[in-house]
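In: model this:
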Amino acid sequence: MTTSADTPGSGAPGDRRPVTDVDDEVDVDALEIGIDPVGAEEIVLLPWSLLLQRRVAGRLERSPRRAWIILAASLLGVFTASFTITVLTVSLGEIAGDLGSTKSILTWAVTGPSLAMAVLGPIGGKLADRYGARQVYLISITGVAVFSGAAVLAWNAPSLIAARFLGAALGAAAGPAALAMINRSFAPERRAQALGYWSLVGAGAPVIGVVVGGPLVDAFGWRWIFILQTPIAVASVVVGFLVLPHSKRGDRHPFDIAGSVLLAFGVGSLLVALNRGPEMGWSNPFVVACFIGGPALLAWFVRVENRQSHPLLPMRYFRSRNFTFPITNQFFANFTYMGGFILTPLLLHDVLGYSTTKTGLVSIARPLAFSIVGPIAGYLVIRFGERTIGMFGSAVLVLSMIGLAMVTATTGLMWIEGALVLSGIGMGACAPAMIASIANAVDRGDLGVASAASQTVSQIGVVAGMQLLLTVQTVMAVGNDGTGSYSAAYLLGAAAAVCAFIASVFVRRTAHTPENAVV
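Out: So this is what the prediction gives:
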């Protein structure tokens, strides 16, 4: 007597037709554990976890809210990776004291992961396109979970920095892979709407982290940052395993190793130079060498990619205005937003005399506005187009920097909060519009690497804005009053926002098609 697994797609005994999930085919043969006794038909057995996943996938396929469920599952991973940033930063003093180190050394527990994500993001995006976004995402978030648990057990500063860096190195692929799945799940003209919620979680997670994690750190110690993160990361893996769609593997062309190495070292050299410049001095030979070597390696990368039949990042996309100009906008917008983000707490504390607690509470206005405006902007993009919303967001960023540049020792709280809210509104409007434009400009098979390219350029903008605005403020503070030095730095941020505005002017609106239903 023969038996067959009671799974979706199985018919008569022995029927072994491939089972499909969402927009990609996954052959059940690749998942089966078969027993084929001599003289009998094959008995197909599936582990209970795969049976459960197949059942959930079948229900998800029939759900009219399928795309939104995939979005929610992906955003849980985004939340996992980003909610610790703020609370970890404000806890560096306590961590340094507990581990017998200094704040300057422990800063690498924050900046190291940022560097790793910027450098390794494109490679992770390419892996997602090549091996399947779901598989790469699950491996990436699993790495976050493992090294978050390792951070709980850190016994000194190097062990904590190593755990954070390795977790970020593995987690660098999670963002591009998640964006690839989201962009595949929504029609092109609906992507900005989904990416508005991406902005909400990306900006809101650090706020939740400091609100929830701050009291935990005060009551029980800094290790609770990672004790809290680990089970959330595990939950992200479980939910992702059950909900996220299987994806086709890309063509098995040779992996672009040369391009990957050149891009990693080129971007890494620039970021290290920007990171170390304020500490070591901008004329330090090592910093200068990194500033020269980074662009040289990136120029070499472009030459290699133009000769590759299957490049890591197809250079032809940079000939598309809806790829190049949105990425340019995101560089300058992040330069402005994060430069102001790092500078404002210093202004509030040093010039206006705010306490640490009051400074933290006031600063929350910026990411809170970002998280609220992001989803709204996503809906407005459908009505007005990417260019209009991108121009609006960039213009508001300009106004926010000018408002902060006008702050003096006697400026009232309402003016400061208003300027911070404008920053959040500006970035919340720009991000979903520009990221959607980038996704709509590339082939479906390159969504992962396109998302990673956007992530990398944005991260370079983040580091450049933070370091250059701080440097300007420090240099101008010599022989100047406090507010004058901060005004000069904010005006540099305003100039960068003007560049973001100019870039957004050249973005074309995504053409709407009749079949604008979620795919």
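
In: grab the nearest non-local neighbour of Ile408.
Out: Actually, residue 408 is Thr rather than Ile. Thr483 (5.0 Å; C-beta to C-beta, 6 or more residues apart in numbering). Where C-beta positions appear, they are placed from N, C-alpha and C, glycine not excepted.

In: centroid residue for this protein?
Out: Gly175 (5.0 Å; C-alpha atoms, centre = their mean).

In: can you tell me the SS state at that residue?
Out: Using DSSP: H, G, I helix; E, B strand; the rest coil, the structure places Gly175 in helix.

In: skip the chain neighbours and tell me the closest residue to it.
Out: Nearest one to Gly175, counting by C-beta to C-beta, 6+ apart, is Gln455 at 5.6 Å.

In: tell me who's in contact with the one you found.
Out: Contacts for Gln455 (C-beta atoms under 8 Å, 6 or more residues apart in numbering) come out as Met117, Ala118, Gly121, Gly125, Gly175, Pro176.

In: okay, the residues you listed in TSV with distance to Leu491 and pLDDT next?
Out: Formatted as TSV, these follow (distance: C-beta to C-beta, whole Å; pLDDT from 0 to 100):
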residue	distance to Leu491	pLDDT
Met117	29	76
Ala118	26	73
Gly121	31	75
Gly125	35	77
Gly175	32	81
Pro176	34	81
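
In: from those residues, which is closest to Cys290?
Out: Ala118 (14.2 Å; C-beta to C-beta).

In: quick revisit: can you put the contacts of Gln455 in a markdown table and add distance to Gly202?
Out: Putting these into a markdown table (distance: C-beta to C-beta, whole Å) gives the following:
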| residue | distance to Gly202 |
| --- | --- |
| Met117 | 13 |
| Ala118 | 15 |
| Gly121 | 14 |
| Gly125 | 17 |
| Gly175 | 9 |
| Pro176 | 14 |
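
In: Arg191 and Ala489, how far apart?
Out: The gap separating Arg191 from Ala489 is 35 Å, by C-beta to C-beta, to the nearest Å.

In: pick out whichever of those two has more residues nearby.
Out: Shown here are Arg191 and Ala489; by other C-beta atoms under 10 Å, Arg191 has more neighbours (30 against 27).

In: hang on, the more buried one packs against Ala441?
Out: No: if you go by C-beta atoms under 8 Å, Arg191 and Ala441 don't touch, sitting 11.2 Å apart.

In: where along this protein do the strands fall?
Out: Under the criterion DSSP state E, the chain contains strands at 19-21, 24-26, 33-35, 43-45.

In: residue contacts, Phe226?
Out: Applying C-beta under 8 Å, 6+ apart to Phe226 gives the contacts Thr84, Ser148, Gly149, Ala151, Val152.

In: show me the two of those that sit farthest apart.
Out: Longest span within the contacts of Phe226, C-beta to C-beta: Thr84 and Gly149, 13.2 Å.

In: more neighbours, those two?
Out: Thr84 (25 against 18).

In: who's in contact with that one?
Out: Gly209, Gly213, Ile225, Phe226, Gln229.

In: what about the third one, how many neighbours?
Out: Summarising burial for Ile225: neighbours were counted as other C-beta under 10 Å, giving 23.

In: do the same with the first one
Out: As a burial measure, Gly209 scores 23 neighbours (other C-beta under 10 Å).

In: residues in contact with it?
Out: Residues near Gly209 by C-beta under 8 Å, 6+ apart: Ser82, Phe83, Thr84, Ile85, Thr86, Val87.

In: hmm, back to that, can I get the contacts of Phe226 in CSV with pLDDT and distance to Asp350?
Out: Listed next are these as CSV, based on pLDDT from 0 to 100; distance: C-beta to C-beta, whole Å:
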residue, pLDDT, distance to Asp350
Thr84, 77, 26
Ser148, 89, 34
Gly149, 90, 38
Ala151, 89, 31
Val152, 88, 34
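
In: which of those lies closest to Met414?
Out: Closest to Met414, out of all of the contacts of Phe226 and judged by C-beta to C-beta, is Thr84, at 31.2 Å.
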